[in-house]
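>>> Here you go, sequence then predicted model.
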Amino acid sequence: MISLRDGIAATASRSPEATAIVAPGRAPLSYARLLSQISYVEAALKSLRIRRAERVVVVLPDGPEAAVTLLGVASCATCAPLDPRCTTEEFHDHLTRLRATAVILPSGGSAALADVARRSGIAVVDMVPSLGMEAGIFRLCGADSSATGRDVPQDENVALILRTSGTMSQSKLVPLTHRNLQAATSRVGAALGLTPDDRYLNLTSLFYSQGVLLTFSSLAAGGSVVCPPGFSARGFLEWTREFSPTWYSAAPALHQAILTHARGATGEAARPRFRFIRSAAAALPPTIREQLDEQFRSPVIEAYGMTECYPISSNPLVSGAQKPGSAGLAAGTDVAILNAEGEFLSTGSIGEIVVRGPHVMPGYLNEPSADAFTSGWFRTGDQGYLDPDGYLFVTGRLKEIINRGGQKISPLEIDQALLAHPGVSEAVAFPIPHATLGEDLAVSIVLRDHASTTEEEIRSFAASRLAPYKVPRRVIFLDEIPKSAGGKVQRAALTRRFGVAARTETDRFDAGPAAASPGVHDVLRAMWADLLGVESVGIRDCFFDLGGNSLLAVELILRIENQLGKQLPLPAFLEAPTIESVAEAICRETQPDAWRELVPVRPQGSDTPFFWVHGDASTWYLASHLNRQQPVYGLEHQSRDGRPAQFATVETIAAHYLDEVRSVQAAGPYLLGGFSFGGTIAFEMAQQLRRHGERVSLLVMLDPEFPGSGMNSDSVSNTPPIRTSVGMLAHCAPSRRETLCRTWS
């Protein structure tokens, strides 16, 4: 049995002083010293009576110590790296599933994790870095040897146990034998043409397959590895300048973060050259590939692999032989495509990608693996096809395919279509439950710096590039997309966060609270069903999750007023757009002293607030079509629900409203607007502000009334009255909008 140690020993024999590992702030570690440290780890574990087949969990932060510890433990026992950010519950679960003998923790690290291990009868070994020595030199101490020697399954061939990312379900434990690792590292080295002159900058955590296996592959080729303390877009340029790596590998999300920082830097330091850049873990969007080409002027190759069988394919480095969008050619392994019946498909046909070779795991740990294999082929669970030249194209994850009423949608296709939008930095499509379709399509969007767009604009952009059934029902703007430490997007987390939980028939048609009349529920159900085109609606179904949008919301509120004689308070609908909540609001007796004229329609945003007078439902409709960074407030007259008016004249109403406005914005410039009589009041508010020396940058009046109080068309810059509609203002082009909005200097 050839182990990882044997490869290190061979290089140390040929070139003992060759650099193996470097790290910020540390002296380089030679191959001779690396071999010595591996021998030290073997001796330390042997002194604790830890046998070759026993399992040692390693919970260390990224850096040279973690890399050398993994090498040392995997050479003489079974090494199981774990994310140091795990909770005590996750840690206990991992130890239980592994039936671990010992755990290596950083000295002075989490006392809670150490306590969990000791209470489970597992030896705790402290890793103490020797900071004054080369990168990766440390001591192991503090273990209670009486806790070792547990009865564990005997398999001396297993070197590593890695966890799958678990983006769609619970993670699985993947045992990799020494034979698997030897095959994997040799295939990575051959696909990338690695030599002793190469230096790999590791940006992926060492408890993930990409980080640990690419590190091992670089050392197996006799090259060197830069081991920084975790990923940092800011540190990337510093590390490339200090260590001159010849290549790095990352997921698209990390590439995007690197590009964002590099574009803000200046000089040649912002444009380091590499022999090549590798992208894996997810499909590389064409826009990111183009930006990498432009920024670093280095070949970008796309590759594909899984924890269970790493690597699977890689684009060749030979100029002109790459196919953008492809995962490349098989990396020294057998790759085929199967249909649902287990039959091999011909070139160009889409099916499940299956793999066979010596680098494929023997089977999952502690659970049946029969479904993972078909006649010796490992079923990846990914969907794709092979082109006539043998290049593999991955079209999506089978479990991630969205079934929208029988129409199958690959979220990757949606992601890539929306990434072409100039204002979109990241786009991730994901499924949300739907009452009649089963699943519907949503997308989360992260905008580029200083970019702005709306949900309707994103949907229109998608409609120009995708089939109608592929246009997202919901568009959700986020500051950050949830990702794993390896850079993979967590679609399941988005579904859990934004999806509507499935409901039983009883749940969907219960009578609701006693305060709301069942007749009101029935009327609202009929409105919902008619407006949204659905057959059945539950009282807790979200209006927007069922397909509602801004136009339909305005129509709904108008119907409620016409059919039920009740003006639904705008904030009540925005906060809880369900039949249950709307019915409660309609039937609830609102107290006059609970009313406040200023309604925060959208208080978030960095731009100057816009105040809209007497817009009712149109205030929200207008807000939904403005810049997302534009705060919007509504000013509603207190007599609208039959309350006695406190202020009788335009001047006193305007003065009162200005007190409300100043509670949000103490000084100008101010942005004001109003509808009908609200336009008249907005005009008077502007006049009063100007008399007090305040600046009004924008005044918008839609269908304003001109009572006989001195206000006339000559007062508005000697122009005719502005008469238009909310819809016209929301949808007209910017140039046309300027003619509808009078700017005051």
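Alright, I've got the coordinates.
>>> ok, which stretches of the stretch 501-650 of the chain are strands?
Taking DSSP state E, counting those that start in this stretch as the criterion, the stretch 501-650 of the chain contains strands spanning 598-602, 610-613, 632-635.
>>> The last one: what's the following helix or strand?
Following the chain from strand 632-635 toward its C-terminal end, the next helix or strand by DSSP states H and E is helix 650-662.
>>> which residues of the stretch 501-650 of the chain fall in helices?
505-508, 518-532, 550-564, 570-575, 579-587, 617-623, 650-662 (DSSP state H, counting those that start in this stretch).
>>> Out of these, which is the most enclosed?
helix 617-623 (a mean of 24; mean count of other Cβ atoms under 10 Å). Using the backbone N, CA and C atoms, a C-beta is placed for each residue, glycine as well.
>>> Averaged pLDDT, stretch 688-699. What do you get?
The average of the pLDDT scores along stretch 688-699 is 88.
>>> where in the stretch 351-500 of the chain is pLDDT low?
Within the stretch 351-500 of the chain, the segments meeting pLDDT under 70 span 405-406, 435-438, 485-486, 500.
>>> Just the element for the residue lying closest to Leu418 once chain neighbours are set aside, please.
Once flanking residues are discounted, Leu418 sits nearest to Ala427: 3.8 Å by Cβ to Cβ, 6 or more residues apart in numbering. Element membership for Ala427 (DSSP H and E) is strand 424-434.
>>> now the very next helix or strand once past that strand against strand 424-434, angle please.
Per DSSP H and E, the first helix or strand lying C-terminal to strand 424-434 is strand 438-447. Counting by axes from the mean of the first three to the mean of the last three Cα atoms, to 10 degrees, strand 438-447 lies at 160 degrees to strand 424-434.
>>> Convert the C-alpha atoms of the helix or strand Glu457 falls within to CSV, please.
Using DSSP H and E, Glu457 sits in helix 455-463. In CSV, the C-alpha atoms belonging to helix 455-463 read as follows (Å, rounded to 0.1, in the frame of the first residue of the first chain):
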residue,chain,number,x,y,z
GLU,A,455,-38.2,43.2,-9.7
GLU,A,456,-40.2,44.0,-12.8
GLU,A,457,-37.0,45.0,-14.8
ILE,A,458,-35.3,41.7,-13.8
ARG,A,459,-38.4,39.8,-14.9
SER,A,460,-38.5,41.7,-18.2
PHE,A,461,-34.9,41.0,-18.8
ALA,A,462,-35.4,37.3,-18.1
ALA,A,463,-38.4,37.3,-20.5
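>>> so can I have JSON lines of the helices of the stretch 501-650 of the chain showing mean pLDDT and distance to Gly25?
Compiled in JSON lines, the helices of the stretch 501-650 of the chain are given as follows (pLDDT from 0 to 100; distance: least, Cβ to Cβ, whole Å):
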{"stretch": "helix 505-508", "mean pLDDT": "32", "distance to Gly25": "58"}
{"stretch": "helix 518-532", "mean pLDDT": "80", "distance to Gly25": "60"}
{"stretch": "helix 550-564", "mean pLDDT": "73", "distance to Gly25": "54"}
{"stretch": "helix 570-575", "mean pLDDT": "58", "distance to Gly25": "51"}
{"stretch": "helix 579-587", "mean pLDDT": "78", "distance to Gly25": "57"}
{"stretch": "helix 617-623", "mean pLDDT": "64", "distance to Gly25": "51"}
{"stretch": "helix 650-662", "mean pLDDT": "85", "distance to Gly25": "53"}
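>>> would you turn the ones you listed into CSV with distance to Asp155?
Putting the helices of the stretch 501-650 of the chain into CSV (distance: least, Cβ to Cβ, whole Å) gives the following:
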stretch, distance to Asp155
helix 505-508, 48
helix 518-532, 57
helix 550-564, 60
helix 570-575, 57
helix 579-587, 56
helix 617-623, 62
helix 650-662, 72
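>>> Enumerate every residue touching the nearest residue in space to Pro24 that is not next to it in sequence.
Closest residue in space to Pro24, ignoring its immediate chain neighbours: Pro228 at 6.0 Å, by Cβ to Cβ, 6+ apart. Pro228 is in contact with 23-24, 62-63, 201-203, 235, 239, counting by Cβ atoms under 8 Å, 6 or more residues apart in numbering.
>>> and if you look at Met527?
Listed by Cβ under 8 Å, 6+ apart, the contact partners of Met527 are 556, 559-560, 563.
>>> Tell me where the longest helix sits in the chain.
Under DSSP state H, the helix in the chain containing the largest number of residues is helix 31-47.
>>> What is the subsequent helix or strand relative to that helix?
That would be, after helix 31-47 and using DSSP H and E, strand 55-58.
>>> Alpha carbons only: can I get that next one in PDB?
Taking C-alpha atoms only, strand 55-58 is exported to PDB below (Å, rounded to 0.1, in the frame of the first residue of the first chain):
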ATOM      1  CA  ARG A  55     -10.300   7.700  13.100                       C
ATOM      2  CA  VAL A  56      -8.900  11.100  14.200                       C
ATOM      3  CA  VAL A  57     -11.000  14.200  13.700                       C
ATOM      4  CA  VAL A  58      -9.000  17.300  12.900                       C
END
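>>> For that strand, which strands pair with it and how are they oriented?
Paired strands of strand 55-58, with direction, are strand 78-81 (parallel), strand 102-106 (parallel) (DSSP bridges).
>>> Among those strands, which comes closest to Lys172?
Comparison of the strands paired with strand 55-58 against Lys172 by Cβ to Cβ identifies strand 78-81 as nearest, at 13.0 Å.
>>> what's the average pLDDT for that closest one?
On average, strand 78-81 scores 96.
>>> So for the helix or strand just after that strand, mean pLDDT?
Downstream of strand 78-81, the next assigned helix or strand under DSSP H and E is helix 88-98. Helix 88-98 carries an average pLDDT of 89.
>>> Would you mark the buried spots in helix 88-98?
91-92, 94-95, 97-98 (16 or more other Cβ atoms under 10 Å).
>>> which one among these gets closest to Asn315?
His94 (35.0 Å).
>>> Look up how far Arg97 lies from the closest residue to the closest one other than its chain neighbours.
Ranked by Cβ to Cβ, 6+ apart and with sequence neighbours excluded, the top spatial neighbour of His94 is Leu82, at 5.6 Å. With distances taken as Cβ to Cβ, to the nearest Å, Leu82 is found 11 Å from Arg97.
>>> Equivalent analysis for Thr69, please.
21 Å.
>>> and what of Ala66?
Taking Cβ to Cβ, one finds Ala66 at 21 Å from Arg97.
>>> what residues are up against the residue nearest in space to the middle of the chain?
What sits nearest the mean C-alpha location of the chain, by Cα atoms, centre = their mean, is Ile481, with 2.3 Å. Contact analysis of Ile481 by Cβ under 8 Å, 6+ apart lists 253, 426, 428, 444, 446, 489-490, 494.
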